[in-house]
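A.B. asks: Task: produce atomic coordinates for the following.
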Amino acid sequence: MIRDLLVASRPLSWINTAFPFAAAYLLTAREVDLALIVGTVFFLIPYNLAMYGVNDVFDYASDLANPRKGGVEGALLAPAAHRVVLVAAAVSCLPFAVALVLLGGPMSWAVLAVSLFAVVAYSAPPFRFKEVPFLDSLTSSVHFASPAVYGIVLAGDAPDRGALLVLAAFLLWGVASHAFGAVQDVVPDREGGIASIATVLGAARTVRFALAAWIAAALLVLAAGGTAAWAAPLALPYLATAAPYARVSDADSACANRGWRRFLWINYAVGFAVTMLLIVFALQTA
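C.D. replies: Predicted coordinates for the structure are as follows:
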């Protein structure tokens, strides 16, 4: 059962939610305090267990027909484990949510509520936003962008123009990433009766949509200026990874999984580069 919970939480992706929160909070508050520690641990493990665990439970029927499920790209949990995963997700999140509410104010409560709602509504009925084309990509992106917004407001600040542009770019990056990830599942999703941005647009047009969103994200960080503008070239690895699939047919869409696997590792390299830029920014504004 411990293995099931670990696999369901997607350890490979833990950093994708913890880092945005921690970076945003630390750059805003300029100190390591209880809120930073509690929030980082929350967005590292419990948040991911809730996000991916709920998804694995309610996607079980369709995941059975998906050959890439059952590993780092998604757990294939036996029905007997479903209740345990849902209870573990709720129990692990609750004390952190209570602590963060006590440590924050009304604005942070609202952002945290949106973030947690998106985690549940993406996969669980009656919402199932993952089956609402375009809203699926937007909601998925909120999973990763909202921790950064939360970090800023929990630290007691409001995003300025530059921060808003960077956050909007991050949101677009998430939309593009989800859309590209959905391409590889066009066939099993259609066979399972699941709608997605990719089943509606088709594989090739979805890849082009993702490419356009990544380009728009790069333009937004350029518009933010300063140190943020140096992040614009970081869109290039994503564009290079997805571009070869811009004409992929729906029947051959599963081959996009090769690009998706590269995408997962590109995130680590890009994350390192973003960390260096954040250090430079912190030194400049110290």
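A.B. asks: Am I right that Arg247 is in contact with Arg205?
C.D. replies: No - counting by C-beta atoms under 8 Å, Arg247 does not reach Arg205; the two are 10.1 Å apart. Quick note: C-beta positions are derived from backbone N, CA and C, even for glycine.
A.B. asks: State the mean pLDDT of the helix or strand harbouring Val187.
C.D. replies: Val187 belongs to helix 186-191 when elements are defined using DSSP states H and E. In this model, helix 186-191 has a mean pLDDT of 88.
A.B. asks: next one: it to chain centre, how far?
C.D. replies: Distance, stretch centre to chain centre, for helix 186-191: 22 Å (C-alpha atoms, centre = their mean, to the nearest Å).
A.B. asks: how about the CA coordinates for it, as CSV?
C.D. replies: Listed next in CSV are the C-alpha coordinates belonging to helix 186-191 (Å, rounded to 0.1, in the frame of the first residue of the first chain):
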residue,chain,number,x,y,z
VAL,A,186,-5.9,10.5,-28.3
VAL,A,187,-6.6,6.9,-29.3
PRO,A,188,-7.2,5.3,-25.8
ASP,A,189,-9.2,8.4,-24.8
ARG,A,190,-11.5,8.1,-27.8
GLU,A,191,-11.9,4.4,-27.3
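A.B. asks: which of Arg247 and Arg205 has more neighbours?
C.D. replies: Arg205 (15 against 11; other C-beta atoms under 10 Å).
A.B. asks: how about that one, what does it touch?
C.D. replies: By C-beta atoms under 8 Å, 6 or more residues apart in numbering, the contact list for Arg205 is empty.
A.B. asks: Equivalent analysis for Tyr268, please.
C.D. replies: Tyr268 neighbours (C-beta under 8 Å, 6+ apart): Ile15.
A.B. asks: can you tell me the average pLDDT over the helix or strand hosting it?
C.D. replies: Applying DSSP H and E as the criterion places Tyr268 in helix 257-285. What helix 257-285 shows for mean pLDDT is 89.
A.B. asks: circling back to that earlier point, can I get the helix or strand following the helix holding Val187 as PDB, trimmed to CA atoms?
C.D. replies: Downstream of helix 186-191, the next assigned helix or strand under DSSP H and E is helix 197-201. Provided in PDB are the C-alpha atoms of helix 197-201 (Å, rounded to 0.1, in the frame of the first residue of the first chain):
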ATOM      1  CA  ILE A 197      -8.400  19.100 -26.000                       C
ATOM      2  CA  ALA A 198      -6.600  16.500 -28.100                       C
ATOM      3  CA  THR A 199      -9.600  14.400 -29.000                       C
ATOM      4  CA  VAL A 200     -11.400  17.500 -30.200                       C
ATOM      5  CA  LEU A 201      -8.600  19.300 -32.100                       C
END
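A.B. asks: Name the next helix or strand downstream of helix 197-201, please.
C.D. replies: In N-to-C order, the element after helix 197-201 by DSSP H and E is helix 203-224.
A.B. asks: So for that next one, what gets flagged as buried?
C.D. replies: 203-204, 206-211, 213-218, 220-224 (16 or more other C-beta atoms under 10 Å).
A.B. asks: For the closest residue to Phe58 other than its chain neighbours, give me the pLDDT.
C.D. replies: Using C-beta to C-beta, 6 or more residues apart in numbering and skipping residues adjacent in sequence, the residue nearest Phe58 is Ser123, 4.7 Å away. With respect to pLDDT, Ser123 has a value of 93.
A.B. asks: how about the helices in the chain?
C.D. replies: Using DSSP state H, the helices of the chain run over residues 2-8, 15-29, 34-44, 46-58, 60-63, 79-103, 106-121, 135-154, 161-183, 186-191, 197-201, 203-224, 236-242, 257-285.
A.B. asks: Reformat these as TSV; add distance to Phe129.
C.D. replies: Formatted as TSV, the helices of the chain follow (distance: least, C-beta to C-beta, whole Å):
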stretch	distance to Phe129
helix 2-8	19
helix 15-29	18
helix 34-44	20
helix 46-58	11
helix 60-63	15
helix 79-103	18
helix 106-121	5
helix 135-154	4
helix 161-183	11
helix 186-191	15
helix 197-201	11
helix 203-224	17
helix 236-242	23
helix 257-285	21
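A.B. asks: pretty sure the residue nearest to Phe58 is touching Val85, no?
C.D. replies: No - assessed by C-beta under 8 Å, Ser123 is found out of contact with Val85, at 11.8 Å.
A.B. asks: what do the two both touch?
C.D. replies: Common neighbours of Ser123 and Val85 are listed as Val54, Val57 (criterion: C-beta under 8 Å, 6+ apart).
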